[in-house]
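Trainee: I would like the atomic coordinates for the input below:
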Amino acid sequence: MKSNQQANILVALQPMDLSHTEENYIKAIFTLSQMGGDNVTTNGIAAEMNTTAASVSDMLKKLANKKLINYKKYHGVQLTHEGEKNSYSFNKAAPLVGGVFN
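Mentor: From the prediction side, this is the model:
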């Protein structure tokens, strides 16, 4: 039987249960952050996701509420530690390939 401490560690290492769309936004933010710059712009995400900046803003608010990103309007977005952890698990399961968001 696992101790409570071991169980807590296992839970902490597991990614959050996110929708497919939320996963795609996290992947896009991760990809864009790797391409350059600490802060990823709403317009950059919109171009990557082939959607509108307004739609991106709505999703960024949801991801910020889940503590997956740091988002401040007009200042861009960064993944939090939790967001990075989730992006790594997504990328291990399905590596990014050009055009995956189109």
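Trainee: what ranges of the chain fall below the confidence cut-off?
Mentor: Along the chain, segments meeting pLDDT under 70 span 1-16, 88-102.
Trainee: Please pull up the helix or strand immediately following whichever helix in it runs longest.
Mentor: In the chain, assigned by DSSP state H, the helix with the most residues is helix 20-35. Next along the chain after helix 20-35, taking DSSP states H and E as the criterion, comes helix 42-49.
Trainee: Now do the same contact list for Glu22.
Mentor: Residues in contact with Glu22 (Cβ atoms under 8 Å, 6 or more residues apart in numbering) are Met59, Lys62, Leu63, Lys66, Leu68. C-beta here means a position set from N, CA and C on the backbone, and glycine is covered the same way.
Trainee: what about 7 Å?
Mentor: By Cβ atoms under 7 Å, 6 or more residues apart in numbering, Glu22 lies in contact with Leu63.
Trainee: Please tell me how far it sits from Met49.
Mentor: Using Cβ to Cβ, to the nearest Å, Glu22 is found at 12 Å from Met49.
Trainee: again with Leu32
Mentor: Distance from Leu32 to Met49, counting by Cβ to Cβ: 10 Å.
Trainee: what's the answer for Leu60, then?
Mentor: Separation of Leu60 from Met49 (Cβ to Cβ): 11 Å.
Trainee: Looking at these two, which has the bigger crowd around it?
Mentor: Between Leu60 and Met49, Leu60 has the larger neighbour count (other Cβ atoms under 10 Å), namely 22 against 19.
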